[in-house]
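Asks: Structure for this input, please:
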Amino acid sequence: MMMPTAVEAARKAGKILKDHLGRIQEISHKGEIDLVTNVDKLSERSIVETIKALYPDHQILAEEGEHNSETSSEYKWLIDPLDGTTNYIHGLPYFCVSIALEKRGELILGVVYDPMHEELFTAEKGQGAFLNQKPITVSGVEELEKSLLVTGFPPSIWQDHGKSFEHFKNFTVRCQGVRRLGSAAIDLCYVAAGRLEAFWERGLKPWDMAAGALLVKEAGGHVTDFRGQDFDPYQGEILASNGKIHKVMQEVLALAEEKM
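Replies: Residues are numbered from 1 along each chain as shown. Below is the predicted model:
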């Protein structure tokens with residue numbers, strides 16, 4: 001029942017995003033360049049109401065935080081009601097809803113819905129990854145030089161001493177291209193679907209990464225931190241790849257880490 005609930009919640013929220021695109025009534029700042037709109041809040045409320053209707057005792061950890069709850073339940077939902085808010089504000093159709101579920105701290109379910117392209121990515125632990133109910137797998141590219149990568153920059157980029165730009169430069173001269181698209185959840189889904197070979201970013205929140213990370217794993221990819229340690233969505237750092245270029249990705253990331 002939990003996957004149908006997550007899908008229902010994601011689709012309802014996605015409709016809200018689509019219906020309100022170009023009709024934002026309120027924009028506020030959580031940081032210098034970290035934005036939130038009234039639509040983020042409407043979407044989050046819809047998701048939480050859908051989940052709570054069936055699972056009133058479950059814990060909630062959502063980006064806007066208005067409905068967050070800590071209970072004794074072993075289940076926790078990680079919710080990003082609008083991943084790609086800046087894109088959304090500018091009318092750029094690259095944003096999504098991201099919903100993940102933990103059981104006793106382990107990711108067991110992930111749903112990412114892109115309403116503009118009507119793409120629904122789903123995964124359950126041990127059950128594989130799917131796009132619109134069809135199985136997906138990571139790409140078979142084995143060389144960094146033949147890879148297309150994607151990354152993002154954190155809102156606090158001016159505080160990272162140039163590391164994000166250094167990483168970007170180091171990869172750009174070693175691969176076919178690096179994209180910067182503005183939605184970590186979709187970036188991860190594209191790695192899971194084999195459209196991109198790898199994604200890296202730091203400064204992320206659990207709701208940004210959780211669902212997408214599970215999708216990459218279930219699609220046959222590999223997910224760690226920059227140093228190859230076990231992925232932890234609460235540590236804010238992720239390297240997700242098709243697995244075949246993971247080690248060399250770590251080596252390139254280490255260049256900037258050691259230099260700075």
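Asks: Please state the backbone phi and psi of L107?
Replies: Per-residue torsions, L107: phi -70, psi 130 (degrees, to the nearest 10).
Asks: Oh, that last question was meant for V252, not what I typed.
Replies: phi -70, psi -40.
Asks: Helix or strand: which one has the closest residue to it other than its chain neighbours?
Replies: Counting by C-beta to C-beta, 6 or more residues apart in numbering, V252 lies nearest to N170, which is 5.2 Å off, once chain neighbours are set aside. Heads up, the C-betas are built off the backbone N, CA and C, glycines and all. If you go by DSSP states H and E, N170 is part of helix 163-172.
Asks: Report all helices and strands that that helix contacts.
Replies: strand 148-151, strand 177-180, strand 198-202, helix 246-259 (3 or more C-beta pairs under 8 Å, 6 or more residues apart in numbering; DSSP states H and E).
Asks: and those, which is most packed in?
Replies: strand 198-202 (a mean of 26; mean count of other C-beta atoms under 10 Å).
Asks: partners of that strand, with directions?
Replies: Its sheet considered, strand 198-202 pairs with strand 148-151 (parallel), strand 237-241 (antiparallel) by DSSP bridges.
Asks: quick one: which of the ones you listed is nearest A192?
Replies: A192 lies closest to strand 237-241 among those, at 8.3 Å (C-beta to C-beta).
Asks: Quick check: buried residues in the closest one?
Replies: For strand 237-241, a neighbour-count test (16 or more other C-beta atoms under 10 Å) marks 237-241 as buried.
Asks: Pick out the residue closest to the middle of this structure.
Replies: Nearest to the geometric centre of the chain sits A185, at 2.3 Å (C-alpha atoms, centre = their mean).
Asks: That residue should be in a helix, yeah?
Replies: Yes. Per DSSP: H, G, I helix; E, B strand; the rest coil, A185 lies within a helix segment.
Asks: Pull up the gap between it and A10, please.
Replies: A185 sits 11 Å away from A10 when distances are taken as C-beta to C-beta, to the nearest Å.
Asks: Show me the common contact partners of the two, please.
Replies: Each of V112 lies in contact with both A185 and A10 under the rule C-beta atoms under 8 Å, 6 or more residues apart in numbering.
Asks: Now flag whichever of the buried residues of strand 237-241 is closest to Q176.
Replies: Of all those, Q176 sits closest to S241, with 14.5 Å by C-beta to C-beta.
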